[in-house]
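Asker: Provided below are the primary sequence and the corresponding predicted coordinates.
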Amino acid sequence: METWKVRLGNFLFKWRSFTQLPWIIVVLIFLKPYYPSFSLQLEPFLTIAGIIITLFGEILRIWTHLYASEGTSGRENYLRADSLNREGPYGFVRNPLYLGNFHIVGGLLIVFSNIIAFLIGIAFLIFQYSFIVLAEENYLKDKFGKEWLDYKNSTPKFFPRIKNLKTVGSNRKNSLSRIIFKETDTIFNILTMLFLILLLKIHYLKGLSTKEIIHAFLFYFPILLLYLFLKILKK
């Protein structure tokens, strides 16, 4: 029987592309980019560390998509799995894509440098993915039965086991160029958020004139044009 938790997980999965927007808007409008114990000496470290963590998250997403089989949910708004994938990062953890998203959001929030914003974002991700993963695992258990239970018992949900390294296969399903092309939306969103966060931080630290803000957006404009061009190609 489908419980309310599973129904909530299916709802959050369906609208996962939009559910984060409310808290992101609140953070950017109402919270300032600083830690309560903020110092200029710490600023470069936080920005560089956050960007590295974000980059790691996107690399993990790309690695995951390289081993994603056809007939999976992908960007659809419903659960689907024609086969059970254990290849690549799926040999380390059962949810490598969501783990990548945690690193992306966490990294961006470290760049933003506000502990309250960090706690809000991470708390929301934990809430959302707890229910989404529950719904996905309920679906996989019903569809694959013992095969799924064996995989679940041998592979952790989020925290990798080093001993699982020897079980990771190399049967890559997709080409790197195809995956990077498919990741256009995510990469553009990351670049946009980095641009906005860094702009806010610079404005907070030293102030920006209207002319400087315009110049910043002129720098961003080619990124937007490239994104729109790639979107047209994808269609």
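Answerer: Yes, it's here.
Asker: CA atoms for contacts and neighbours, from now on please.
Answerer: Will do.
Asker: quick one: low-confidence ranges for the protein?
Answerer: Under the criterion of pLDDT under 70, the regions of the chain flagged as low confidence span 1, 35-41, 71-76, 162-173.
Asker: And the contacts of stretch 189-204?
Answerer: Stretch 189-204 is contacted from outside by 32-33, 104, 108, 111-112, 208, 216, 220, using Cα atoms under 8 Å, 6 or more residues apart in numbering.
Asker: Mind putting the residues you listed into a markdown table with secondary structure, distance to residue 68 and neighbour count?
Answerer: Below are those laid out as a markdown table (DSSP: H, G, I helix; E, B strand; the rest coil; distance: Cα to Cα, whole Å; neighbours: other Cα atoms under 10 Å):
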| residue | secondary structure | distance to residue 68 | neighbour count |
| --- | --- | --- | --- |
| 32 | coil | 39 | 16 |
| 33 | coil | 37 | 26 |
| 104 | helix | 20 | 26 |
| 108 | helix | 26 | 26 |
| 111 | helix | 30 | 28 |
| 112 | helix | 32 | 29 |
| 208 | coil | 44 | 15 |
| 216 | helix | 37 | 15 |
| 220 | helix | 32 | 15 |
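Asker: just those residues now: which is nearest residue 9?
Answerer: Within those, distances to residue 9 taken as Cα to Cα reach their minimum at residue 104, with 21.3 Å.
Asker: all helices for the chain, in order.
Answerer: Shown for the chain, the helices assigned by DSSP state H span residues 4-14, 21-30, 43-66, 96-112, 115-144, 146-154, 176-182, 184-206, 210-234.
Asker: so what's the residue most central in space within the chain closest to, chain neighbours aside?
Answerer: Relative to the mean C-alpha position of the chain, the nearest C-alpha, by Cα atoms, centre = their mean, is the one of residue 101, at 2.1 Å. In space, and not counting its chain neighbours, residue 101 is closest to residue 57: 6.1 Å by Cα to Cα, 6 or more residues apart in numbering.
Asker: Confirm for me that that neighbour is in contact with residue 98.
Answerer: No. Counting by Cα atoms under 8 Å, no contact exists between residue 57 and residue 98, whose distance comes to 9.2 Å.
Asker: quick one: which of those two has more around it?
Answerer: residue 57 (24 against 19; other Cα atoms under 10 Å).
Asker: tell me the contacts of that one?
Answerer: For residue 57, the set of contacting residues under the criterion of Cα under 8 Å, 6+ apart consists of 99-104.
Asker: one step back: and the residue nearest to residue 101, how far from residue 22?
Answerer: Applying Cα to Cα, to the nearest Å, one obtains 22 Å for the distance of residue 57 from residue 22.
Asker: got it, and residue 132?
Answerer: Between residue 132 and residue 22 the distance is 18 Å, computed by Cα to Cα.
Asker: out of the two, which sits in the busier spot?
Answerer: A side-by-side neighbour count of residue 132 and residue 22, using other Cα under 10 Å, places residue 132 first with 24 against 9.
Asker: Name the nearest residue to that one, sequence neighbours excluded.
Answerer: Once flanking residues are discounted, residue 132 sits nearest to residue 9: 4.1 Å by Cα to Cα, 6+ apart.
Asker: From residue 133, how far off is the one you found?
Answerer: With distances taken as Cα to Cα, residue 9 is found 7 Å from residue 133.
Asker: The two - which one has more neighbours?
Answerer: Between residue 9 and residue 133, residue 9 has the larger neighbour count (other Cα under 10 Å), namely 22 against 19.
Asker: Contact partners for the more buried one?
Answerer: Residue 9 makes contacts with 128-136, as judged by Cα under 8 Å, 6+ apart.
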